[in-house]
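Visitor: Build the 3D model from these lines:
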Amino acid sequence: MDLREPRQERSRATRRRLLDAAVECLASRGWAGTTVAVVAERAGVSRGAAQHHFRTREDLVTAAVEYGAEERMAHLRSRPRDALDARAVVDLLADLYTSPLFKAALHLWVAASADPALRDRVAPLEARVGREAHRLTLELLGADESRPGVREAVQATLDLMRGLGLADLLTDDSPRRRPLLAQWAAMLDAALRG
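Guide: Take a look at the predicted model:
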């Protein structure tokens with residue numbers, strides 16, 4: 001029996017708890033309220049254990065947003081490979097961009113906008129996540145990006161979802177969002193079939 005395996009699994013579990021807690025803290029407390037100590041407490045681990053995994057708050061929160069994005073993208077990739085209709089894809093994206101993960105990312109972006117060192121870490125991450133979201137949206141729609149206007153329609157969809165996520169940051173915007181999503185899905189479907 002390898003004694004390292006249970007220790008390694010405990011270490012992975014601790015890391016996951018820290019990452020989940022960091023996303024929760026960023027989403028609910030913002031950048032200023034998300035410290036290593038606060039995240040460690042929420043994760044149920046010591047501050048020393050947290051710092052064993054992540055030396056700095058910047059290390060912790062960027063890893064947390066990246067981990068959360070990878071988890072959400074994996075969820076989208078796990079969808080059946082048959083192309084979904086535009087409304088189903090728009091609804092999936094709206095859920096993604098109004099999630100606690102997106103709220104956490106927004107807080108990180110705002111902090112990065114005023115901190116050049118943090119921006120240097122966050123900008124490449126955001127670019128990579130944006131490219132993957134675009135690629136997955138095309139795949140979910142079964143859309144051919146080489147057709148005129150398709151790339152722009154998909155990018156406009158993602159930009160709209162980010163804007164709706166921003167509008168949802170302060171208050172629950174879902175009553176206004178529902179009919180807007182239905183209208184946008186119809187317009188997207190027409191653009192893709194065009």
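Visitor: mind listing what's buried in stretch 55-71?
Guide: Within stretch 55-71, the residues scored as buried using 16 or more other Cβ atoms under 10 Å are 57-58, 60-69. Just so you know, the C-beta spots here come from the backbone N, C-alpha and C atoms, and that holds for glycine as well.
Visitor: and what of stretch 79-87?
Guide: 84, 86.
Visitor: need the contact list for the most centrally placed residue in the chain.
Guide: With distances taken as Cα atoms, centre = their mean, A69 lies nearest the centre of the chain, 4.0 Å away. Shown in contact with A69 (Cβ atoms under 8 Å, 6 or more residues apart in numbering): 101, 105, 125, 129, 132.
Visitor: Break down this structure into its helices, ranges please.
Guide: Counting by DSSP state H, the chain has helices at residues 4-29, 36-43, 47-53, 57-77, 86-97, 100-113, 116-141, 150-167, 174-193.
Visitor: quick one, the first one and helix 36-43 angle?
Guide: With axes from the mean of the first three to the mean of the last three Cα atoms, to 10 degrees as the criterion, the two stretches helix 4-29 and helix 36-43 enclose an angle of 110 degrees.
Visitor: by contact count, what packs against helix 4-29?
Guide: Secondary-structure packing of helix 4-29 (3 or more Cβ pairs under 8 Å, 6 or more residues apart in numbering; DSSP states H and E): helix 36-43, helix 47-53, helix 57-77, helix 100-113.
Visitor: what do you get for the third one?
Guide: When contacts are defined as 3+ Cβ pairs under 8 Å, 6+ apart, helix 47-53 sits against helix 4-29, helix 36-43.
Visitor: quick one: average confidence on the longest one?
Guide: Going back to what we said before, that points to helix 4-29. Helix 4-29 shows an average pLDDT of 90 in the prediction.
Visitor: Then the shortest one?
Guide: pLDDT averaged over helix 36-43 equals 97, rounded to a whole number.
Visitor: contact partners of it?
Guide: In contact with helix 36-43 (Cβ under 8 Å, 6+ apart) are residues 14, 17-18, 20-22, 24-25, 29, 46-47, 49-51, 54, 56-57, 60.
Visitor: how far out from the middle of the chain is stretch 7-27?
Guide: 16 Å (Cα atoms, centre = their mean, to the nearest Å).
Visitor: do stretch 142-149 as well
Guide: 25 Å.
Visitor: Same check on stretch 185-194?
Guide: So, by Cα atoms, centre = their mean, the centroid of stretch 185-194 is 25 Å from its chain's centroid.
Visitor: Tabulate the CA atom coordinates of it in CSV.
Guide: Extracted in CSV, the C-alpha atoms of stretch 185-194 (Å, rounded to 0.1, in the frame of the first residue of the first chain):
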residue,chain,number,x,y,z
ALA,A,185,-31.9,33.4,-29.7
ALA,A,186,-34.3,34.0,-32.6
MET,A,187,-32.0,36.6,-34.1
LEU,A,188,-29.0,34.3,-33.6
ASP,A,189,-30.9,31.4,-35.2
ALA,A,190,-31.7,33.6,-38.2
ALA,A,191,-28.1,34.7,-38.5
LEU,A,192,-26.8,31.1,-38.4
ARG,A,193,-29.3,29.9,-41.0
GLY,A,194,-28.9,33.0,-43.2
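Visitor: Perfect, that will be all.
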